[in-house]
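In: Got a predicted structure plus its sequence, pasted below:
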Amino acid sequence: MEQDPKLAGTLNTQPFQADKAPTPNSTDSRMHWTAIVRVRLVLFGRAVRPHWFQFLLLAILSGNIGAVYATTDFCQAYMAGPARYNIYHETSYTISTSFLVSFGAVKAVSNLITGMLADRLGRRFMHALGWAFGILLPVMVIAGKNWATVVSANVFLGIQQGLSWTSAVFMLIDYATRRNAGLGVGVSETMGYSMQALFAVVAGYMINTTTKNYQKDPFYLVLSLMVLGLLISLLLLKDTTHLAAAETLQYEEADNAKASAEAQAAAAAAAENGGKLPKEKVLQIVKPDSPIQTFVRTSFRKPSTIVICIAGCMTNTMTGLAWGLFLKWMMAGQDGHWRAFTKYDASRVLLAYSLTKGLCQFMTGLTSDIIGRKGIIVTGLWTCCGALTILSVSGTYLVSHEAARATFYTGAVFLGFGTGLMYPNLLAAISDHTSPRGRPAALGTYRFWRDLGYAVGGLAGGGLRNATGSFGETMGIVAAAVFLVGCLVLLVYKERMVPLKM
């Protein structure tokens, strides 16, 4: 494992290496790993304890953000389509899932903007601004008279989710510190996606396919959640930019020591060759990049962060499929095989997906803080590939409705588990490859590419469904792409996790 140069000379950077591979009956090995987990939790607790109330508020706000998204997207999936229960008749799957495109594209840009402005304007300001923009979403949907208005309203959902959730992640990492990034992000993702799961079921019980109330009643709930988030962020939440600045000073001290050592080595080499060491070469080591430079480096120059951005985009492509095409497949049924799912069954399948995705992220984030990111991320991608393959094959060929429903539940659980393995650890991997000073811009860059996956899922999923005429073939094509991305991460990504000090 590559050592983090930021910690050279300042920490005990020798990672634990067992003398022998642990065996199932090795009590010492079990006790040692239990001790490592305990130490990791103690380090996390020490970092968070002075700010426990603020950390709790951010966890609650993350849950609120997830509840808003689930209620909105579940109801919108019922608004447009070719069926009698749809409000707006649209035969094209590309058009009926276009709400994901406007949402995903705007959220991606909002993530990037948040990363660039979080240090300048403050994390709390960006968080509250997101909730303020979000209030316009339910107002537009409730008042909307056509599908174009509903799709346009998702612009404000994208702004709200991008500004509020991204800034919440920044603040949670500021409290947890980079050493505990996986665990800090895991708390946010667990709360957010657990509430997504629960509120998908709530939305399922609120809507009525006879009265077609999808555009009214649930969005009064969304409006209440938006106002609640805004009030909490204005009245109770505190900014964390000063904590990031303090952490930055620590890493800059390590940077200066590293720069001095590298300068001495380069000067010795230059002296041997009769040359002169440029001062800029040393200063470049410690000088922070601009947000634009960070975007370019993270997206196009650094192989490890490039593949993480690709994996993130693929992850939310699958999320877009789950809330768009997958849900529409359940609503439509498979001609000649199994009938359409009821709204209750469809919401429970999404519950199985989102709840599994949410609950496992705390532990997967903790685990990656101990053993590293790569193995968990690759395992997550290939698990999702297997889940999509199961859904593709069984959904196409099963005849029994009960068998199809059981298989969809199973596929949803595996898809949620695979996504849960990746979500906190992709963010933590970006944090590992970034200094605290450049962290907001780098995380904003990653979240830009990740959430662009919603738009890719909406466009590619709808386009493939129109082209192939088959939900199953569309899922199979995406499964193959997910497998290839897993191979790419395995071959290219280099571990740079902050080692556990023992």
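Out: Received it, and whenever you're ready, just let me know what you need. Numbering: from 1, shown residues only.
In: count of residues packed around L488?
Out: With neighbours defined by other CB atoms under 10 Å, the count for L488 comes to 18. Where C-beta positions appear, they are placed from N, C-alpha and C, glycine not excepted.
In: give the contact list for it.
Out: Taking CB atoms under 8 Å, 6 or more residues apart in numbering, we find L488 in contact with 307, 310-311.
In: Please enumerate the helices of the stretch 251-400 of the chain.
Out: 279-286, 291-296, 303-321, 327-332, 343-359, 361-371, 374-397 (DSSP state H, counting those that start in this stretch).
In: do you know how far L137 is from S400?
Out: Remark: distance between L137 and S400 (CB to CB, to the nearest Å) = 40 Å.
In: Show me which of those two is the more surrounded one.
Out: A count of neighbours by other CB under 10 Å puts L137 above the other of L137 and S400, at 26 against 11.
In: Check the gap between the more buried one and S194 for me.
Out: The gap separating L137 from S194 is 22 Å, by CB to CB.
In: And the average pLDDT for stretch 405-418 is what?
Out: For stretch 405-418, mean pLDDT rounds to 93.
In: Pick out the least confidently modelled helix or strand of the protein, by mean pLDDT.
Out: helix 279-286 (a mean of 41; mean pLDDT, DSSP states H and E).
In: Quick one, grab the pLDDT at the residue nearest to the spatial centre of the chain.
Out: Nearest residue to the geometric centre of the chain (CA atoms, centre = their mean): Y423, 4.6 Å. Y423 carries a pLDDT value of 85.
In: which residues touch it?
Out: Residues near Y423 by CB under 8 Å, 6+ apart: 185, 189, 193, 315, 357, 361.
In: make it 10 Å
Out: 185-186, 188-190, 192-193, 312, 315-316, 319, 357-358, 360-361, 364-365, 377, 380, 450 (CB atoms under 10 Å, 6 or more residues apart in numbering).
In: Distance-wise, check the nearest residue to I173 once chain neighbours are set aside relative to K357.
Out: The spatially closest residue to I173, leaving aside those adjacent along the chain, is G184, at 4.9 Å (CB to CB, 6 or more residues apart in numbering). Separation of G184 from K357 (CB to CB): 18 Å.
In: Then G476?
Out: Distance, G476 to K357, by CB to CB: 22 Å.
In: who has more neighbours, these two?
Out: A direct count of neighbours by other CB under 10 Å for G476 and K357 places K357 higher, at 29 against 18.
In: pretty sure that one is touching A200, no?
Out: No. Counting by CB atoms under 10 Å, K357 does not reach A200; the two are 11.6 Å apart.
In: Phi and psi next, for Y88.
Out: phi -110, psi 120 (degrees, to the nearest 10).
In: ok, back up a step: quick one: closest of the helices of the stretch 251-400 of the chain to V42.
Out: Distance to V42, taken as CB to CB, is lowest for helix 361-371 among those, at 12.1 Å.
In: Would you mind getting the angle between that closest one and helix 374-397?
Out: 140 degrees (axes from the mean of the first three to the mean of the last three CA atoms, to 10 degrees).
In: ok, V101 touching L459?
Out: Yes. In this structure, V101 is within contact of L459 by CB under 10 Å, at 5.7 Å.
In: pLDDT below threshold where in this protein?
Out: Along the chain, segments meeting pLDDT under 70 span 1-33, 247-289, 436-437, 497-502.
In: Tell me, how many residues neighbour S92?
Out: Neighbour count for S92, taken as other CB under 10 Å: 15.
In: Chain neighbours aside, what residue packs nearest to it?
Out: Distances taken as CB to CB, 6+ apart place N466 nearest to S92, at 6.3 Å, with adjacent residues excluded.
In: got the angle for the helix or strand harbouring that neighbour vs helix 303-321?
Out: Remark: N466 resides in helix 439-468, with elements defined by DSSP states H and E. For helix 439-468 against helix 303-321, the angle by the same axes, to 10 degrees is 50 degrees.
In: tell me which residues in helix 439-468 are buried?
Out: 439-462, 464-465 (16 or more other CB atoms under 10 Å).
In: For T407, the count of nearby residues, please.
Out: Neighbours of T407 (other CB under 10 Å): 18.
In: Okay, it and A352: tell me how far apart.
Out: Counting by CB to CB, the gap from T407 to A352 is 12 Å.
In: for the closest residue to C313 other than its chain neighbours, what are its contacts?
Out: Nearest non-adjacent residue to C313, counting by CB to CB, 6+ apart: G453, 4.3 Å away. The contact partners of G453, by CB under 10 Å, 6+ apart, come to 100, 104, 108, 310-321, 460.
In: now do 8 Å
Out: G453 touches 104, 312-320, counting by CB under 8 Å, 6+ apart.
In: so which of those residues comes closest to S92?
Out: Closest to S92 out of the contacts of G453 is G320 (16.4 Å), distances taken as CB to CB.
In: So the closest one sits against G458, correct?
Out: Yes. Using CB atoms under 8 Å, G320 is in contact with G458, at 5.4 Å.
In: give me the number of residues near Y205?
Out: Using other CB under 10 Å, Y205 has 11 other residues around it.
In: And it, which helix or strand is it part of?
Out: helix 181-206.
In: Please identify the buried residues of that helix?
Out: Of the residues in helix 181-206, 181-204, 206 count as buried by neighbour count, 16+ other CB under 10 Å.
In: same thing with stretch 311-328?
Out: 311-328.
In: Look up how far N64 lies from the closest residue to M331 other than its chain neighbours.
Out: Spatial nearest neighbour of M331, excluding adjacent residues (CB to CB, 6+ apart): A340 at 5.8 Å. Using CB to CB, A340 is found at 32 Å from N64.
In: who's more crowded, those two?
Out: For A340 versus N64, neighbours defined as other CB under 10 Å are more numerous around N64 (22 against 16).
In: Let me see the contact set for that one.
Out: 195, 225, 228-229, 232.
In: same deal with A70?
Out: For A70, the contact set (CB under 8 Å, 6+ apart) comprises 195-200, 203, 350, 354.
In: Hmm, V485 and A311 touching each other?
Out: Yes. With contact defined as CB under 8 Å, A311 counts as touching V485 (5.5 Å).
In: Mutual contacts of the two, please.
Out: By CB under 8 Å, 6+ apart, A311 and V485 have these common neighbours: L381.
In: could I get the helices of the stretch 251-400 of the chain as a markdown table with distance to I95?
Out: Formatted as a markdown table, the helices of the stretch 251-400 of the chain follow (distance: least, CB to CB, whole Å):
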| stretch | distance to I95 |
| --- | --- |
| helix 279-286 | 50 |
| helix 291-296 | 32 |
| helix 303-321 | 15 |
| helix 327-332 | 12 |
| helix 343-359 | 20 |
| helix 361-371 | 33 |
| helix 374-397 | 23 |
